[in-house]
Each structure stands twice: as structure tokens, then as C-alpha cells.
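**Q** Following is a predicted model, sequence given first.
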Amino acid sequence: MSARDYDVVVYGATSFVGQIMCRYMVERFGAGDDATLRWAIAGRSADKLAEVATDTGADVPQLVADANDRSALDELCASTHVVASTVGPYALYGSTLIEAVVEHGIRYCDLTGETQWMQRMIDAHQERAETTGAVVVHTCGFDSVPSDLGVMFLQQHALERFGEPASAVRMAVKAARSAFSGGTAASMLNMLDEQAGDPAVRAALANPYALAPLGQRTGPAQPEVTWPEYDEEFESWLATFVMAVINVRVVLRSHALLGQPWGHDFTYGESMMTGDGLTGRAAAGAMSATMASVMTAGRLGPVRSLFERFMPAPGEGPSPEQQSAGFFDIRFHGRVEGTTTHHLGVTVTGDRDPGYGSTAKMFVEAAAELVDADVGGGFWTPSTALGQPYLERLVEHAGLTFEVN
């Protein structure tokens, strides 16, 4: 490993989020001879990589490798400790890179939220990754770092305060400001395509334990907000949260990888807060109905065409001003069942738009932490691979806060 040329290669540097990452990498670690991290950028077009280097100040080596060119990906993997990939939809463009990472025994992180693809990669490569020492960490952006580390943080404090973990945790998004990018749109549409044509994909998306290790993909029913409900602890009406389908599965995988320390009956759910009273109830109803309609209509040909027409194209997304004006504020509530029932609240916030500005910083810090993280081969989650040192990085450098209420 010491003979490798780079600590981190940003693969997909020409993508929308890749360019944000490059700017943050320059700000955080520098470039050229004064860089404090040995890093490079990679993608399929030499011309576009050169443009990104100029536009972002990324005066670092540029590596050309197409997502379907195994030979080029082998060369890339042989050169670095860590590959941080933004090349999505990962179900279309990510599998060959995972194969190369696993065979070279290096480390990898990405931003995927594609449950069906993650399950395929885990099932196909977990055993080999354990043998080669390769470390794969999916979901290192807004999905699912705040959820995964938020639960970890809550459980740490539950143990400190009460001597027992929370057997039930719920998360609700209190407030957020973000925008949509073409890459996110493409991943969502591809997921709908796969779901429509493959019963196994539908099963994976429906099972909250879909990402748990083989043999552990069943368990207690998990809370799911599909229609408005009022929560006394949050003092708010709750609506469907689109990313729950990803985040819940990641948190439950973390629980399984840790050996189920929060109990065999542990439950976790996510939602969005819409406020109290009649206004909050109406907003929750409208939000839940809209989400259900969008997911259904997106599978229908005529409506699908409208989606593709009005959604941003790959490479498009929120402006720098929109990213800076964005934020997120999410709340966790844990219930500790013992001789006495205890309750614990946690708040996690971010200082940029969750999907891009904040995600890019979370992702860069994950890649940097992964270089020297003390973790064995296999497919991990952010909390199980990177843990407390990563949380501290996020607080110190990436604009996140983790606080007990």
C-alpha cells in the first residue's frame, strides 16, 4: 500500500457533485506541491478533466478511465489507497469498478442510494472483499451519513446516561433547503425502471432488512410513515420522507454488522415534520400524497416523458449560491426501555444544501478518513467503517453538528 501514488482518487470528477468535491478538496487539502493529501482526479474524458482542473484549481494528476474499461480501472486501483466515486447511476456504471476495487484489495466510498445495486454488490463480493482486505463503504453523503451517525451518536449517549441503548429510534426532518440535480434524477429514474422490470428489485426495495448480511434479512416490523400521523415526542404531524427507503436499510445494516447491540427487537423509522394543528396535518397529507403519486406516475410512459423533459440533465444542479443558502436540521428520538422508560433527543444539522454542498463535504471527509481507518475487508456502512473519528471530522471541518437536546 505504501508504494501507491495517491491517497485518494476522485473518480467522476467531471460530474456535478465531483466538481464541488474538487473545490472542497483544494480548500481542505490544497493542490500541487503544497497539498497535504496525495490526490488525483479521474474520469472518462481527458479534455473534461483538464477543464475541471482549471475551473476548480485542482492542480493534481488526471487519470483517464471509462467506467466499463476494466483494464483502465485496474490501473487506477493499482495507483491509490482510496477511490471516491461519484459515477452514477451506480447500477449502470458502478459494478465494474467495485470488481476492480475488491480484486486490488483497496478502499472505496461512494454516494449511491440505490438499494438494489448495493444488495447485489454485497452478495456478489462480500466474501472476496474479506479475503483481499478491500473495504467498500456506500452511502457517504446525505444518504445516509446523518442518519447512520445520528443513530450511533444517540446510542452512545443513551448508554452513557442510562446504561442501556435505545430499543426504538425515530428520525424526522424538521427543516431543509435543497435543490435537485440531473444525477439524482437519472438515478431515481433508473431505479424505477429496474423496479418495474424485476421482482427481485421490488422485493429489495420493500424489505427494510435488504442490506443486512445474508441470513439476517428478516426481523421485527419497522415503522413506516406512508400517510399522516401525529407524533407526541416530535410534537408534529409526520409525512413520508423519500430517503427513508435508503437510510432505514443502512441503519439496520449497521445494527447487524455490530452484532445487534441495540437488541433483537430494535426498530428505526424516518419521516418529515410538517408542524402541529390542522395546517401541519394538511401539509403532511399533501406531502405524502404527492410522494406516492410521483413514484407511481414515474413508472408510466407518458408521465415519465414529462419527468425527463423537465428534470435537470446530468451535470446540472443548484448554483453555488443555492448550495450556500441550503441547510438541514434533523431530529432523533430514542426510547430506552428498562426498569424505567427513558427518552433521549438528538439534533443533527448541516450548513449547506444537503444534496450537494453538504454531501460533497461529507464525502471528502469520508474518503480522507478511509485512508487510514482501522477496519477489515468487507462492505461496511459509514458508522461501522469510520465511526467516531469520522463524526469528529464532520464537526470540525464539514459544517455538521451533533447535539443532545
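**A** That came in fine, so what should we check first?

**Q** Angles on the backbone of F328, please.
**A** phi -150, psi 150 (degrees, to the nearest 10).

**Q** show me what contacts it?
**A** Listed by Cβ atoms under 8 Å, 6 or more residues apart in numbering, the contact set of F328 reads 142, 146, 173, 175-178, 348-350, 354, 358. (Each C-beta comes from the backbone N, C-alpha and C, glycine too.)

**Q** So which of those are in helices?
**A** Secondary structure from DSSP state H places 146, 358 of these in helices.

**Q** Go through the contacts of F328 and name the one nearest Y230.
**A** V173 (16.1 Å; Cβ to Cβ).

**Q** Number of residues surrounding that closest one?
**A** 21 (other Cβ atoms under 10 Å).

**Q** per-residue confidence for it?
**A** Note for V173: predicted pLDDT of 97.

**Q** quick one: low-confidence parts of the stretch 51-200 of the chain?
**A** 180-188 (pLDDT under 70).

**Q** where along it do the strands fall?
**A** Taking DSSP state E, counting those that start in this stretch as the test, the strands found in the stretch 51-200 of the chain are 62-64, 80-85, 107-110, 135-137, 168-177.

**Q** can you pull out the strands in the stretch 301-405 of the chain?
**A** 327-337, 341-350, 378-380, 400-404.

**Q** what does the second one contact?
**A** Applying Cβ under 8 Å, 6+ apart, the contact partners of strand 341-350 are 142, 146, 149-150, 153-154, 157-158, 161-162, 166, 233, 327-336, 358, 398-405.

**Q** Repeat that for the third one.
**A** For strand 378-380, the external contacting residues (Cβ under 8 Å, 6+ apart) are 118, 121-122, 125-126, 129-130, 134-138, 257.

**Q** quick one: the helices in the stretch 201-350 of the chain?
**A** Counting by DSSP state H, counting those that start in this stretch, the stretch 201-350 of the chain has these helices, from start to end: 244-257, 277-297, 301-310, 320-325.

**Q** nearest to E270, of the ones you listed?
**A** Evaluated over those, closeness to E270 peaks at helix 244-257, with 3.8 Å, by Cβ to Cβ.

**Q** what inclination does the closest one have with respect to helix 277-297?
**A** Taking axes from the mean of the first three to the mean of the last three Cα atoms, to 10 degrees, one finds helix 244-257 and helix 277-297 inclined to each other by 90 degrees.

**Q** Next, the angle strand 168-177 makes with helix 244-257.
**A** 140 degrees.

**Q** could you give me the average pLDDT of helix 244-257?
**A** Mean predicted confidence for helix 244-257 is 97.

**Q** neighbours of the residue lying closest to E194 once chain neighbours are set aside, just the number please.
**A** Distances taken as Cβ to Cβ, 6 or more residues apart in numbering place V201 nearest to E194, at 4.5 Å, with adjacent residues excluded. Residue neighbour count, defined by other Cβ under 10 Å, stands at 23 for V201.

**Q** what does G57 give?
**A** 16.

**Q** Then the one 3 residues further on?
**A** For V60, the neighbour count with other Cβ under 10 Å is 26.

**Q** Who are the contact partners of it?
**A** 31-32, 35, 39-41, 53.

**Q** Can you give me the end-to-end span of stretch 157-172?
**A** End-to-end distance of stretch 157-172 (Cα to Cα, to the nearest Å): 19 Å.

**Q** Could you shift the numbering so residue one becomes 702, and keep it that way?
**A** Okay, residue one is now 702; in that scheme the one you just asked about reads as stretch 858-873.

**Q** Name the residues of it that are buried.
**A** 858-859, 863, 865-873 (16 or more other Cβ atoms under 10 Å).

**Q** what's that stretch in contact with?
**A** Contacts for stretch 858-873 (Cβ under 8 Å, 6+ apart): 848, 851-852, 855-856, 924, 932, 934-935, 937, 939, 942, 948, 952, 962-964, 966-974, 1031-1039, 1043, 1045, 1047, 1105.

**Q** chain center to stretch 1085-1099, what's the gap?
**A** Distance of stretch 1085-1099 from the chain centroid (Cα atoms, centre = their mean, to the nearest Å) equals 14 Å.

**Q** how about it: buried residues?
**A** Quick answer for stretch 1085-1099 (16+ other Cβ under 10 Å): 1085-1088, 1091-1092, 1094-1095, 1099.

**Q** Let me have these in a markdown table, extended by distance to P1019.
**A** Output for the buried residues of stretch 1085-1099, formatted as a markdown table (distance: Cβ to Cβ, whole Å):
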| residue | distance to P1019 |
| --- | --- |
| T1085 | 31 |
| A1086 | 29 |
| L1087 | 27 |
| G1088 | 31 |
| Y1091 | 25 |
| L1092 | 26 |
| R1094 | 24 |
| L1095 | 21 |
| A1099 | 18 |
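
**Q** Show me those that map onto helices.
**A** Reading helices off the buried residues of stretch 1085-1099 with DSSP H, I get 1085-1088, 1091-1092, 1094-1095.

**Q** Identify the residue spatially nearest to R918, adjacent ones excluded.
**A** Nearest non-adjacent residue to R918 (Cβ to Cβ, 6+ apart): Y910, at 4.4 Å.

**Q** List the contacts of the residue nearest to E895.
**A** Contacts of V902 (Cβ under 8 Å, 6+ apart): 817, 892, 895-896.

**Q** OK, contacts around the spatially closest residue to A736 that is not a sequence neighbour?
**A** Leaving aside its chain neighbours, A736 sits nearest to F730 (5.6 Å; criterion: Cβ to Cβ, 6+ apart). Neighbour list for F730: 736-738, 740, 1069 [criterion: Cβ under 8 Å, 6+ apart].

**Q** follow-up on the earlier one: just send the strands of the stretch 1002-1106 of the chain back as a markdown table, with mean pLDDT and distance to S716 too.
**A** Shown next, in a markdown table, are the strands of the stretch 1002-1106 of the chain (pLDDT from 0 to 100; distance: least, Cβ to Cβ, whole Å):
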| stretch | mean pLDDT | distance to S716 |
| --- | --- | --- |
| strand 1028-1038 | 97 | 22 |
| strand 1042-1051 | 97 | 21 |
| strand 1079-1081 | 98 | 23 |
| strand 1101-1105 | 98 | 23 |
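
**Q** Please identify the most buried of those strands.
**A** Greatest average neighbour count among the strands of the stretch 1002-1106 of the chain goes to strand 1079-1081 (a mean of 24), per mean count of other Cβ atoms under 10 Å.

**Q** Direction included, what does that one pair up with?
**A** Here strand 1079-1081 has these sheet partners by DSSP bridges: strand 836-838 (parallel).
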